[in-house]
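**Q** Predicted coordinates and the sequence they were generated for:
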Amino acid sequence: MASSESVRKIDNRQLIEERWRTAFENSAIGITMADFAGRYFASNKVFQNLLGYTESELYQLTFLDVTYEEDRRANQELVKELVEGKRQHFEIEKRYCRKDGSLVWVRNNVALVPGMADVAPFWFAVVEDITERKQEESARRYSEERHRLVVETASDAVISLDESGAILLANPATTRVFGYDPAELIGKPLTVLMPEYFRKLHDDGFRRYLTTRERHINWQGTELTGLRKNGHEFPVEVSFGELTKDGHRVFTGFIRDISERKQAEEFRKQAQKAIQTAQAELARVSRLTTMGELAASIAHEVNQPLTAVNNNSNACLRLLANQNLQPDVLRQALEEIVADGTRASAIIARIRAFIRKAPAEKNRLDVNEIIGEVLAMMGHGFEENRILLQSELAQALPLVLGDRIELQQVLLNLIMNGIEAMTAVTDRPRLLWVQSRIDESGDVLVAVRDSGAGLGLEGDRVFTPLFTTKANGMGMGLSISRSLVEGHGGRLWATPNSPHGAVFSFTLPVAAGSPS
């Protein structure tokens, strides 16, 4: 009969085995055992679920059967070292082929369990599923490789620096932009790439940012001045970002050489200035041409006051010859001489101003006043061409901001076109109607309406440069007029008049601060 101590030992062993089996079956990690041939003879549910095999199916397989082909060689080498006594255990990260053909990454901790009595030696492995970690590592490597590729192939200089302002990284494009080999810049302060006068400002601002996180300049697309290795300053566009790595802040910036862009901008400015100069000169030539067409009317307008001056002067001479000097009569004659002389002088001054070569000068103007000046300039032209003039000018129009001469030119061109459009009209009145008012958008609108032949099928083509319906026309008047109006922020267009003729209208925005 067994002693009580023997019974107690048997009970303890059974208790230990039971605990071990409970731990084996309920472990949160895969556990498996295999004989020296590599064939499984024990595995828990976690390992079975990991590979998708049942317990009985696993016992028909070896560890090599479920190990991914590319990982088998490394696994076999480690097992060989265990068998040869070179190591007692090993750890390996490898891939298993699941029953459905998919792969799963695992980390295996494998140990050799020596044989005992009637138990042969076997392999004991703890298996951890690391698929998710491997996917994250793969994604991170891909991201890092992609970013490295972007940095290495970027056409802009890419520079990273630490919290002290020392350069950690510079890409190959840095050589083209700054003239430095990337290796030359590692460890140097970022200020080496800046002109002397900007370095202290940068250092102060950078230190303030590290303390307060307040930026003294915009970090995205800011235009600054860079300094090449040869000492040449050049314009750059800088964009910087920040990230924290291992508890330290790292700053990475893209620095673009914008010298060519700045040169292109300067060329555009010069070209625009040349275009504006050419347009101003073309407008002046057009005004000279207009004055040539108005020569007879201008001569008549100037001749009228000069004739009156001459007549009054002769009358005074006759009074002197007859010694009939009545003070009231003489005073009246002299006052008329002065008034007519002033009138002639004003006409000449207006014409000189109209054809002068001077830059545009925009002032606050009364459109009705400009209309009156142009109608006065055209006075005899209406009589000579038997034109009936009607005007409908809105009172108290708000002021516009514009150049007086340019607006006179636009209006004069529209009126002369209207007169010319009616020269062939013989069966109805030749009516020219000038209107000013506020349009629906709140702009000042001026319209010139005639009763001539109309636009026909020409429509908007009349504003095309070099297009003309006149026998001796240049085809530039309306094109220049539209450019002048658009230069004032307005627009010029043409519509048919009913029942005959055409209407040319243009708008001008109201000057800021003018009452509506």
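**A** Alright, I've got the coordinates.
**Q** How much space separates the most centrally placed residue in the chain from residue 260?
**A** Computing the C-alpha centroid of the chain and ranking residues by C-alpha atoms, centre = their mean puts residue 221 first, at 11.1 Å. Going from residue 221 to residue 260 by C-beta to C-beta, to the nearest Å gives 17 Å. Every C-beta, even on glycine, is put in place using the N, C-alpha and C of the backbone.
**Q** Check residue 118 too.
**A** Taken as C-beta to C-beta, the span from residue 118 to residue 260 is 87 Å.
**Q** if you count what's nearby, which of the two comes out ahead?
**A** The neighbour comparison of residue 118 against residue 260 (other C-beta atoms under 10 Å) goes to residue 260, with 9 against 5.
**Q** what bits of the stretch 301-450 of the chain have low per-residue confidence?
**A** Scanning the stretch 301-450 of the chain for pLDDT under 70 picks out 301-304, 325, 346-360, 380.
**Q** That one: helices as residue ranges?
**A** Along the stretch 301-450 of the chain, the stretches classed as helices by DSSP state H, counting those that start in this stretch are 327-355, 367-377, 379-384, 404-421.
**Q** can you list those helices in CSV and add distance to residue 447?
**A** What follows is those, written out as CSV (distance: least, C-beta to C-beta, whole Å):
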stretch, distance to residue 447
helix 327-355, 22
helix 367-377, 11
helix 379-384, 18
helix 404-421, 9
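**Q** okay, the ones you listed, which one's buried deepest?
**A** helix 404-421 (a mean of 23; mean count of other C-beta atoms under 10 Å).
**Q** Quick one: distance of it to the chain centre.
**A** 40 Å (C-alpha atoms, centre = their mean, to the nearest Å).
**Q** quick one: it to helix 367-377, angle?
**A** 50 degrees (axes from the mean of the first three to the mean of the last three C-alpha atoms, to 10 degrees).
**Q** got a list of what residue 454 touches?
**A** Counting by C-beta atoms under 8 Å, 6 or more residues apart in numbering, residue 454 touches 421, 496, 497, 500, 501, 502.
**Q** Report the separation between residue 482 and residue 401.
**A** In terms of C-beta to C-beta, residue 482 sits 18 Å off from residue 401.
**Q** I'd like to know how far the residue nearest to the centre of the chain sits from residue 387.
**A** Distance, residue 221 to residue 387, by C-beta to C-beta: 60 Å.
**Q** List just the nearest of the contacts of residue 454 to residue 89.
**A** For the contacts of residue 454, the residue nearest residue 89 by C-beta to C-beta is residue 496; the value is 100.6 Å.
**Q** Could you list everything the closest one pairs with in the sheet?
**A** Beta-bridge pairing of residue 496 under DSSP bridges involves residue 502.
**Q** That one and residue 451: what is the separation?
**A** Going from residue 496 to residue 451 by C-beta to C-beta gives 12 Å.
**Q** For residue 444, which of the helices of the stretch 301-450 of the chain is the nearest?
**A** Among the helices of the stretch 301-450 of the chain, helix 367-377 comes nearest to residue 444, with 5.4 Å by C-beta to C-beta.
**Q** ok now that closest one, how far from the chain's centre?
**A** Between the centre of helix 367-377 and the centre of its chain there are 44 Å (C-alpha atoms, centre = their mean).
**Q** again, but for stretch 167-185
**A** Worked out by C-alpha atoms, centre = their mean, stretch 167-185 lies 29 Å from the chain centre.
**Q** pLDDT on it, on average?
**A** Stretch 167-185 shows a mean pLDDT of 90.
**Q** List of residues touching it?
**A** With C-beta under 8 Å, 6+ apart, stretch 167-185 has contacts from 151-152, 154-162, 186-190, 192-193, 226-230, 236, 250, 252, 255-257.
**Q** hmm, which of those are the buried ones?
**A** Taking 16 or more other C-beta atoms under 10 Å as the criterion, what is buried in those is 151, 156-161, 189-190, 193, 226-227, 236, 250, 252, 255-257.
**Q** Select from those every entry located in strands.
**A** Counting by DSSP state E, the buried ones among the contacts of stretch 167-185 place 157-161, 226-227, 236, 250, 252, 255-257 in strands.
**Q** can you pull the contacts of residue 364?
**A** When contacts are counted by C-beta under 8 Å, 6+ apart, residue 364 touches 399, 400, 401, 511, 514.
**Q** What separation is there between it and residue 163?
**A** Distance from residue 364 to residue 163, by C-beta to C-beta: 57 Å.
**Q** Next: residue 77.
**A** Residue 77 is 45 Å from residue 163, by C-beta to C-beta.
**Q** Check residue 337 too.
**A** The gap separating residue 337 from residue 163 is 90 Å, by C-beta to C-beta.
**Q** With residue 453 instead?
**A** With distances taken as C-beta to C-beta, residue 453 is found 81 Å from residue 163.
**Q** out of those two, which sits in the busier spot?
**A** residue 453 (16 against 12).
**Q** Share the number of residues neighbouring residue 76, please.
**A** Residues contacting residue 76 under the criterion other C-beta under 10 Å number 14.
**Q** Show me which residues of whichever strand or helix holds it are buried.
**A** Using DSSP states H and E, residue 76 sits in helix 69-83. Using 16+ other C-beta under 10 Å as the test for burial, helix 69-83 gives 71, 75, 78, 79, 82.
**Q** so who does the fourth one touch?
**A** In this case it means residue 79. Counted by C-beta under 8 Å, 6+ apart, residue 79 has contacts 38, 110, 123.
**Q** tell me how far stretch 166-183 is from the chain's mean position?
**A** That offset, for stretch 166-183, works out to 28 Å (C-alpha atoms, centre = their mean).
**Q** buried residues in that stretch?
**A** In stretch 166-183, residues buried by neighbour count (16+ other C-beta under 10 Å) are 167, 170, 171, 173, 174, 175, 177, 178, 180, 182.
**Q** Without its sequence neighbours, what residue ends up closest to the fourth one?
**A** Distances taken as C-beta to C-beta, 6 or more residues apart in numbering place residue 157 nearest to residue 173, at 5.1 Å, with adjacent residues excluded.
**Q** so the one you found bridges to which residues?
**A** Here residue 157, judged by DSSP bridges, has bridge partners residue 255.
**Q** Go ahead and confirm it touches residue 255.
**A** Yes - with contact defined as C-beta atoms under 8 Å, residue 157 counts as touching residue 255 (4.3 Å).
**Q** What is the nearest of the ones in strands among the buried ones among the contacts of stretch 167-185 to residue 432?
**A** Closest approach to residue 432 among those (C-beta to C-beta): residue 256, at 59.8 Å.
**Q** That closest one and residue 156 touch, don't they?
**A** Yes - assessed by C-beta under 8 Å, residue 256 is found in contact with residue 156 at 4.6 Å.
**Q** List the buried residues for stretch 233-242?
**A** 235, 236, 237, 238, 240.
**Q** and the third one, what does it touch?
**A** For residue 237, the contacting residues are 221, 222, 223, 224, 255, 256, 258, by C-beta under 8 Å, 6+ apart.
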